[in-house]
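>>> structure for this input, please:
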Amino acid sequence: MSRPPTHKTNEAKLQAVREKNQRHYAKSDLPGCLLALKGIKDEMLSLTDDREPQKFVEDKFLQYVKSIKYTNDRGDNGDVTIISNTMLKVQDILNHTIRVQDQILNFCGPISDEFRAANSVSLFLSTVVAYLEDIDYLIHWGGVSELCIAHSSGELMYQKNLRV
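As a prediction, this is how the structure comes out:
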């Protein structure tokens, strides 16, 4: 059995569709998005201590290296949670940034100053996540020895200063 018509006339149906579209495309939350972006940027800067992505990741890498305990003939894997927890924290901030960035894109378009600010925060966090994922991958799949080889030969992403 089909659903009974909600609107009696075509004009009423057209008016209901217009109202629905106006609610859907309303541009009323831009100040909220900008405030959220400011909070994200403050959180990002407090996490990284106003440093460049390379310096922040290098410090986390050194913390990890200092956690490796060496015995007579070999070392253990160290405290892997230093890298993985930092990566999860930055990824969580990045996911929130992407949602806010999408809303700003819908409100202002891709050539606005607001979108450029959101995009710079997103690129910074994406770069940090990529650097940490590179280290995490080598720890889990290559082990500490592969990580040491990659670091000594300058093959880690943060050493090459690659950007995402």
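>>> which stretches of this protein aren't confidently modelled?
1, 23-28, 72-75 (pLDDT under 70).
>>> ramachandran angles for the most centrally placed residue in it?
In the chain, the centroid-proximal residue (CA atoms, centre = their mean) is Leu94; its distance is 2.1 Å. Torsion angles at Leu94 (phi, psi; degrees, to the nearest 10) stand at phi -60, psi -40.
>>> isn't it up against Leu125?
Yes. The pair Leu94 and Leu125 qualifies as a contact (CB atoms under 8 Å) at a distance of 4.1 Å. C-betas here are computed from N, CA, C, even on glycine.
>>> residue contacts, the residue nearest to the centre of the chain?
122, 125-126, 129 (CB atoms under 8 Å, 6 or more residues apart in numbering).
>>> ok, now how distant is it from Arg3?
Going from Leu94 to Arg3 by CB to CB, to the nearest Å gives 43 Å.
>>> so Val121 is in which element?
Assigned by DSSP states H and E, Val121 belongs to helix 113-137.
>>> now for that helix, which elements pack on it?
Secondary-structure packing of helix 113-137 (3 or more CB pairs under 8 Å, 6 or more residues apart in numbering; DSSP states H and E): helix 30-48, helix 53-66, helix 81-108, helix 157-160.
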